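> Fold the following, please.
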Amino acid sequence: MKIRFNLVKYLANLKLAIFLLLTIAGVSIIGSIVEQNQAVDFYQKNYVEPLFGVLNADLILSLGLDHVFKTWWFFALLILFGLSLTCCTFLQQLPALERVRKIKFYKSNRIFNRFPVQTKANFVPTGKYIGALRQKQYKVFQCGKNLYANKGLVGRVSPIVVHFSMILILLGTILASTSGFVAQEFIPETEIFYVQNILNNNINSFIPQISGRVNDFWISYKDDLTVKQFYTDLSLLDKNGNEIRRETIYVNHPLKYNGLTFYQTDWNVVGFRVKSDDQLYQLPAIKKDKEIYVSWLPSNFNTVSSQSGYTLLNIANRGIAFLYDQTGSLVSKIEVNEPLSNLCFLGLIESTGIQIKADPGLALIYFGFFLLIISIFSSYISYSQIWLLIDQKNTRVNGKSNRSKIAFEFEVLNVILNL
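Numbering: from 1, shown residues only. From the prediction side, this is the model:
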């Protein structure tokens with residue numbers, strides 16, 4: 001039992017907590033500098049010259065610095081830091097709060113002489129002191145001729161909330177690192193997709209059996225014909241194919257559903273739609289340069305072995321297709337849905353890039369940071385205490401405050417002088 005208590009007492013040590021915090025911060029900085037979750041040959045190629053003169057490819061791979069935030073030792077640091085905060089809260093912060101919450105009435109001059117603020121005033125009825133202190137937002141307690149007043153107790157509670165918020169952030173980080181996943185899908189418009197192309201998963205990741213449908217995809221352009229924004233009309237479907245959610249997503253405006261977030265990340269052109277002799281055809285396309293896409297259009301779709309035909313070229317930000325013959329000469333320029341002999345260009349087959357991400361620890365992290373910000377500001381509230389010993393000749397006033405001590409002295413003097 002004594003060994004356990006000594007271990008808990010050691011974990012509650014402030015120096016240990018600061019050391020663990022600095023270590024976690026240092027490791028996180030390294031994880032931000034060294035590229036994470038890359039192939040082995042990437043590190044062997046890019047870290048021939050050691051980073052900082054120390055970190056070469058072999059050391060990075062052996063220590064797990066290529067996936068810092070998923071290593072067992074990083075989790076161990078987080079757990080140790082969380083235990084240190086917890087032990088400090090229960091062994092130091094809570095007992096300290098309990099002590100300051102106790103109402104204390106002192107009569108001994110020896111105790112009064114210890115206080116930093118000491119003064120005497122002429123006799124004034126007790127009721128006037130109580131009224132003056134309440135105007136200054138103090139809580140006042142009376143025992144005979146003794147008065148005790150305090151305010152700003154929230155300033156002493158704030159360190160406990162700081163510890164609690166940091167523990168929430170650590171729990172959220174561990175949960176996110178062990179249970180989240182990231183998937184990336186490229187889906188042509190009107191097609192149905194499933195969450196299956198997993199880029200990054202963890203030991204406790206749960207991949208939901210959910211499907212979606214890309215109803216439509218379109219692009220908006222600036223005046224100089226560069227891409228301004230691209231949009232996806234996205235539907236989520238249940239196991240029976242019924243629509244359960246529909247929303248238009250675009251960059252920085254994702255769809256959120258049941259712990260999943262669907263981001264608009266990219267787009268591409270995968271083919272052309274053409275119509276020939278009242279038959280619809282889809283032709284694969286390749287990207288040649290920037291937004292220029294090219295495909296091969298046979299002169300006769302009914303003859304599979306026919307090698308005669310045209311090169312079909314389209315600039316993605318214009319609804320125009322260009323036909324070139326086998327000698328490279330321009331045959332015609334066709335706009336969307338404009339017929340040319342037995343041929344009609346119907347448009348592009350575009351695919352949208354959607355990233356599906358699950359981060360179950362994100363809510364805890366956000367809530368922890370919210371509490372942390374609030375508690376940091378509230379911790380600057382001064383906790384002030386005043387003792388008054390009243391007799392028929394004069395009143396002895398003593399007080400102390402943990403912050404703004406000069407302002408506190410002026411406040412005590414104002415209370416006395418204004419009576």
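> okay, and for the stretch 101-250 of the chain, where does confidence drop off?
For the stretch 101-250 of the chain, applying pLDDT under 70 flags the ranges 108-109, 225.
> Please put the alpha-carbon coordinates of stretch 358-373 into PDB.
Once non-C-alpha atoms are left out, stretch 358-373 reads as follows in PDB (Å, rounded to 0.1, in the frame of the first residue of the first chain):
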ATOM      1  CA  ALA A 358     -14.400   9.300 -39.000                       C
ATOM      2  CA  ASP A 359     -12.900  10.900 -36.000                       C
ATOM      3  CA  PRO A 360     -14.700   9.800 -32.800                       C
ATOM      4  CA  GLY A 361     -12.400  11.700 -30.600                       C
ATOM      5  CA  LEU A 362     -12.900  15.100 -32.200                       C
ATOM      6  CA  ALA A 363     -15.900  16.100 -30.000                       C
ATOM      7  CA  LEU A 364     -13.900  15.400 -26.800                       C
ATOM      8  CA  ILE A 365     -11.000  17.400 -28.200                       C
ATOM      9  CA  TYR A 366     -13.100  20.400 -29.100                       C
ATOM     10  CA  PHE A 367     -15.000  20.300 -25.700                       C
ATOM     11  CA  GLY A 368     -11.700  19.900 -23.900                       C
ATOM     12  CA  PHE A 369     -10.200  23.000 -25.600                       C
ATOM     13  CA  PHE A 370     -13.400  24.900 -25.000                       C
ATOM     14  CA  LEU A 371     -13.100  24.200 -21.200                       C
ATOM     15  CA  LEU A 372      -9.400  24.900 -21.300                       C
ATOM     16  CA  ILE A 373      -9.900  28.400 -22.800                       C
END
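> Counting neighbours, show which residues of that stretch come out buried.
358-362, 364-365, 368, 371-372 (16 or more other CB atoms under 10 Å). For every residue, glycine as well, the C-beta is placed using N, CA and C.
> And stretch 281-298, by the same measure?
281, 285, 291, 293-295, 297-298.
> And for stretch 56-65?
Neighbour-count burial for stretch 56-65, counted by 16+ other CB under 10 Å, picks out 57, 60, 65.
> Out of these, the closest to residue 164 would be?
Nearest to residue 164 among these is residue 65, at 31.1 Å by CB to CB.
> thinking again about what came up before, residue 13: which of the buried residues of stretch 56-65 is nearest?
For these, the closest approach to residue 13 (CB to CB) belongs to residue 65, at 28.2 Å.
> Would you check that the closest one makes contact with residue 30?
Yes: the pair residue 65 and residue 30 qualifies as a contact (CB atoms under 8 Å) at a distance of 6.1 Å.
> returning to that earlier point: tell me which entries of the buried residues of stretch 358-373 lie within strands.
Filtering those for membership in strands, criterion DSSP state E, returns residue 358.
> returning to that earlier point: of the buried residues of stretch 281-298, closest to residue 385?
Using CB to CB, residue 291 is the member of the buried residues of stretch 281-298 that sits closest to residue 385, with 71.6 Å.
> any idea of the pLDDT on that closest one?
Looking at residue 291, its pLDDT is 70.
> Compute the distance between it and residue 409, please.
Per CB to CB, to the nearest Å, residue 291 is found 72 Å from residue 409.
> ok, now residue 356?
Counting by CB to CB, the separation of residue 356 from residue 409 is 61 Å.
> Show me which of those two is the more surrounded one.
Remark: of residue 356 and residue 409, residue 356 carries more neighbours, 26 against 15, as counted by other CB atoms under 10 Å.
> Give me the three-state assignment for the closest residue to the more buried one other than its chain neighbours.
Closest residue in space to residue 356, ignoring its immediate chain neighbours: residue 183 at 4.3 Å, by CB to CB, 6 or more residues apart in numbering. On the three-state scheme (DSSP: H, G, I helix; E, B strand; the rest coil), residue 183 is labelled strand.
> So what's the residue count around residue 183?
Applying the criterion other CB under 10 Å, we find 21 residues in the vicinity of residue 183.
> My guess is it contacts residue 193. True?
No: look at residue 183 against residue 193 with CB under 8 Å: they stay out of range, at 9.9 Å.
> Switch the buried residues of stretch 358-373 over to a markdown table; also include distance to residue 53.
Below are those laid out as a markdown table (distance: CB to CB, whole Å):
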| residue | distance to residue 53 |
| --- | --- |
| 358 | 39 |
| 359 | 36 |
| 360 | 39 |
| 361 | 35 |
| 362 | 37 |
| 364 | 38 |
| 365 | 34 |
| 368 | 37 |
| 371 | 41 |
| 372 | 36 |
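> Out of the buried residues of stretch 358-373, flag the one nearest to residue 179.
With CB to CB as the yardstick, the closest approach to residue 179 among the buried residues of stretch 358-373 comes from residue 360, at 5.0 Å.
> could you list every residue that touches the closest residue to that closest one other than its chain neighbours?
Here the nearest residue to residue 360 in space, its sequence neighbours aside, is residue 179; by CB to CB, 6+ apart that works out to 5.0 Å. Taking CB atoms under 8 Å, 6 or more residues apart in numbering as the criterion, residue 179 is in contact with 202, 204-206, 358, 360-361.
> Residue 321: neighbouring residues, count only.
26.
> would you turn the buried residues of stretch 56-65 into CSV with secondary structure and pLDDT?
Supplementary listing: the buried residues of stretch 56-65 in CSV, determined by DSSP: H, G, I helix; E, B strand; the rest coil; pLDDT from 0 to 100:
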residue, secondary structure, pLDDT
57, helix, 82
60, helix, 84
65, helix, 84
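> what kind of secondary structure is residue 261 in?
Following three-state DSSP, the label given to residue 261 is strand.
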